[in-house]
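Participant: sequence first, then the predicted structure:
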Protein chains: 2
Amino acid sequence: LRALAIEGPNRIALRDQPIPDRGDECLIRVRMAGICGTDLQILDGYAGFHGVPGHEFVGSVESAPPDDRALIGRRVVGEINVGCGRCGFCTAGVKEHCVSRSVVGIRNRDGAFADYLCLPARNLHVIPDGLADRTAVFVEPVAAACRILEQIDIAERARIAVIGDGRMGLLVAQVLGTVTKDVTLFGRHAHKLEIARQLGIVTAVADTCKAVERFDVVVDVTGRPDGLREAISMARPRGTVVMKSTFHGEAAIESWPIVVDEVTLVGSRCGPFDRAIALLAGARVKTDPLIASVVPLEHYATAFADARRAVKVLFVMGEES
Amino acid sequence: LRALAIEGPNRIALRDQPIPDRGDECLIRVRMAGICGTDLQILDGYAGFHGVPGHEFVGSVESAPPDDRALIGRRVVGEINVGCGRCGFCTAGVKEHCVSRSVVGIRNRDGAFADYLCLPARNLHVIPDGLADRTAVFVEPVAAACRILEQIDIAERARIAVIGDGRMGLLVAQVLGTVTKDVTLFGRHAHKLEIARQLGIVTAVADTCKAVERFDVVVDVTGRPDGLREAISMARPRGTVVMKSTFHGEAAIESWPIVVDEVTLVGSRCGPFDRAIALLAGARVKTDPLIASVVPLEHYATAFADARRAVKVLFVMGEES
């Protein structure tokens, strides 16, 4: 059995791995997994993670504890935060903020760039038969985009700017487009903006917004240190900036415009899987145009290199279905 | 008649001034005015303001347009933003975000460090007879503190940290103390923390909070570039940071903790005068211990120098009542 393992900054290798066993968790055979911007940062050394990366996946349950045997054989996706189950956050159902949480492929828990991974049954969501693996593998990032809808009220006539034309930008623009018609995606990459237009997203070349107009809601998914400053400058007085970029390192911002214009900034991370599954199953969010390549795990070196330029690179572990 | 005038960075002088006349606005004889942190920044050159500074004041209406003659002879305080009256913000009653607004003593409008100033009647609030001038002069900054209560819902059991023991910190801590019992003021100045304790505020020396506990709400009133970073580090996951510091210049922050912990940051500026008047009239916010000195306008040089160290320095224009 195979698993990609990060052994240090920019050191990754394919290893043999025994079938993992985490006590009362389900064992999942990974079918497909997607490379995300966070995976690239982890490979660069962020968070000092050693182990198997990958947290966007679809798989099949091969074994489960007695109470969860109904899951065996089902295709599932998985929420990535595993909480302690006892703290205030966990008992309030907010395992993603448990201070002692593990996170699939990010923190103290092996991830999905492998033939198998383990997760508690409570983290799993069965996906509808009609949802192809290559679509289901987007549930996790689409859920992260849906988190925005839980955090802020978006008026039907709200004017929204999404800045950053990468993986998340293309998903966030579509998800927000399900609740308001006025969403513009600002980007700098011609081929990514072309994909956006194929998806029916209104696009603009970044920087053209300067001094032209300001938006009710601006979502920063640039992943760049200057993205936040740009987002703040594009928000109207009393507007909202949603922060989706986990850029690592310091960013220099001027804070007084936030105060003078009474802008609200909202950090936003993981989101609701049910809503994401519904949007993907109903084809209200489309993902096929985002897929640049689908490769076996052995091609990890080119896969990671491609993922730095392309929108979405997927690993397929066996036969795609 | 006298007026202090800023003529360039750190160039201020007392000038003779004719009685100002702004068409259909009320003419107000200034009784007292307070020096605020923003005044010190303006004196240092921020915003390139030339003219009469000062925006915290209490005065008496000497003349008014025909429809507003009932104001003549009344003691008033004044909201500092004067909007165009026609834009979307103004028609929604949010003159403080009108893009072509003038702001008393800050932007395109002479302020209160003078014998007279002008303001539209709609900006004025009559103050109760029982409220002394030296208390009423705090209405504007207390209103700014009250703005926080309009912007965020504070649970009765919320744990709140106010960082910064200056003018605004002492007011914000008291205002928030009217809705929740668990407010701690973090500061670095022994004499200001002593004033806070006299006011019944729980205090802590800044930096002692490190790694100890995190708060539901953190208000940054430090006025320092590193205040925001400190505030973010003190907020719990899904907590709120209220930004009250209009520090000018860049601040370096790490944005990823905001995202990972889903912290919300809220810029906060001017607030409701009615609520501030009620809190001061009911002695729920106390201001006498904040007053370091009350001096005539001629003593402006020492007044500004003192204001950089002391909590609150007031100008009195004639006889204090």
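Facilitator: Right, received. Where do you want to start?
Participant: could I get the buried residue list for the host helix or strand of A:L280?
Facilitator: Assigned by DSSP states H and E, A:L280 belongs to helix A:273-281. For helix A:273-281, a neighbour-count test (16 or more other C-beta atoms under 10 Å in any protein chain shown) marks A:F273, A:R275, A:A276, A:I277, A:L279, A:L280, A:A281 as buried. Where you see a C-beta, it was placed from the backbone N, CA and C, and this is true even at glycine.
Participant: repeat for stretch A:135-155
Facilitator: Result for stretch A:135-155 [16+ other C-beta under 10 Å]: buried residues A:135-149, A:151-152, A:154.
Participant: also near chain B: which of these, exactly?
Facilitator: A:Q151 (C-beta under 8 Å from any C-beta of the partner chain).
Participant: which ones among the buried residues of stretch A:135-155 map onto helices?
Facilitator: Of the buried residues of stretch A:135-155, the ones assigned to helices by DSSP state H are A:135-136, A:139-149, A:151.
Participant: and which of those residues is nearest to A:N123?
Facilitator: Proximity of those to A:N123 (C-beta to C-beta) peaks at A:E140, which lies at 11.1 Å.
Participant: ok, that closest one touching A:V77?
Facilitator: Yes - A:E140 lies in contact with A:V77 (C-beta atoms under 8 Å); the separation is 6.6 Å.
Participant: identify the contacts common to those two.
Facilitator: Overlap of the contact sets of A:E140 and A:V77 (by C-beta atoms under 8 Å, 6 or more residues apart in numbering or on different chains) consists of A:F57, A:F273.
Participant: next, format the ones in helices among the buried residues of stretch A:135-155 as CSV and append pLDDT.
Facilitator: Output for those, formatted as CSV (pLDDT from 0 to 100):
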residue, pLDDT
A:T135, 98
A:A136, 98
A:V139, 98
A:E140, 98
A:P141, 97
A:V142, 98
A:A143, 98
A:A144, 97
A:A145, 98
A:C146, 98
A:R147, 98
A:I148, 98
A:L149, 97
A:Q151, 97
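Participant: mind listing what's buried in stretch A:93-107?
Facilitator: For stretch A:93-107, by 16+ other C-beta under 10 Å, it's A:V94, A:K95, A:E96, A:H97, A:C98, A:R101, A:S102, A:V103, A:V104, A:G105, A:I106, A:R107.
Participant: swap in stretch A:119-128?
Facilitator: Buried-residue list, stretch A:119-128, by 16+ other C-beta under 10 Å: A:L119, A:P120, A:A121, A:N123, A:L124, A:H125, A:I127.
Participant: can you read off the pLDDT for the fifth one?
Facilitator: Per-residue confidence for A:L124 comes out at a pLDDT of 98.
Participant: the nearest residue to it once chain neighbours are set aside: which element?
Facilitator: Spatial nearest neighbour of A:L124, excluding adjacent residues (C-beta to C-beta, 6 or more residues apart in numbering or on different chains): A:V76 at 4.3 Å. Secondary structure from DSSP H and E places A:V76 in strand A:75-78.
Participant: centre of the chain to that strand, how far?
Facilitator: Strand A:75-78 sits 15 Å away from the centroid of its parent chain (C-alpha atoms, centre = their mean, to the nearest Å).
Participant: do the helix or strand that it is followed by and chain B meet?
Facilitator: Counting by DSSP H and E, the next helix or strand C-terminal to strand A:75-78 is strand A:81-82. No - judged by C-beta under 8 Å from any C-beta, strand A:81-82 stays clear of chain B, getting no closer than 11.0 Å.
Participant: coming back round to it: got the contact list for the residue nearest to A:L124?
Facilitator: A:I28, A:V58, A:G59, A:S60, A:V61, A:L124, A:H125, A:V126, A:I127.
Participant: check A:V221 too.
Facilitator: A:V162, A:I163, A:G164, A:G166, A:M168, A:G169, A:V172, A:G227, A:K244, A:S245.
Participant: now A:L119
Facilitator: Here A:L119 is in contact with A:E25, A:C26, A:I28, A:G78, A:V82, A:V104 (criterion: C-beta under 8 Å, 6+ apart).
Participant: let's see it at 7 Å
Facilitator: For A:L119, the contact set (C-beta atoms under 7 Å, 6 or more residues apart in numbering or on different chains) comprises A:E25, A:C26, A:I28, A:G78, A:V104.
Participant: now do A:I72
Facilitator: With C-beta under 7 Å, 6+ apart, A:I72 has these contacts: A:V61, A:E62, A:S63, A:A64.
Participant: burial measure for the second one, as a count.
Facilitator: Residues lying near A:E62 (other C-beta atoms under 10 Å in any protein chain shown) number 14.
Participant: got it, and the third one?
Facilitator: Counted by other C-beta under 10 Å, the residues lying close to A:S63 total 16.
Participant: thinking it is in contact with A:L27, fair?
Facilitator: Yes - using C-beta atoms under 7 Å, A:S63 is in contact with A:L27, at 4.4 Å.
Participant: backbone torsions only: list them for A:P120.
Facilitator: Dihedral pair for A:P120: phi -60, psi 150, per degrees, to the nearest 10.
Participant: how near is the residue nearest the centre of chain A to chain B?
Facilitator: Nearest to the geometric centre of chain A sits A:P141, at 2.9 Å (C-alpha atoms, centre = their mean). From A:P141 across to chain B, the span is 14 Å (C-beta to the nearest C-beta, to the nearest Å).
Participant: list the contacts for that residue?
Facilitator: A:C36, A:E56, A:R167, A:M168, A:L171.
Participant: cool, and A:V99?
Facilitator: Contact analysis of A:V99 by C-beta under 7 Å, 6+ apart lists A:C87.
Participant: wasn't it part of a strand?
Facilitator: No - when classified by DSSP: H, G, I helix; E, B strand; the rest coil, A:V99 is found to be coil rather than part of a strand.
Participant: and the residue nearest to A:V77 when sequence neighbours are not counted, what does it touch?
Facilitator: Ranked by C-beta to C-beta, 6+ apart and with sequence neighbours excluded, the top spatial neighbour of A:V77 is A:V139, at 4.3 Å. The contact partners of A:V139, by C-beta under 7 Å, 6+ apart, come to A:V77, A:F273, A:A276, A:I277, A:L280.
Participant: mind redoing it with 6 Å?
Facilitator: Taking C-beta atoms under 6 Å, 6 or more residues apart in numbering or on different chains as the criterion, A:V139 is in contact with A:V77, A:F273, A:A276, A:I277.
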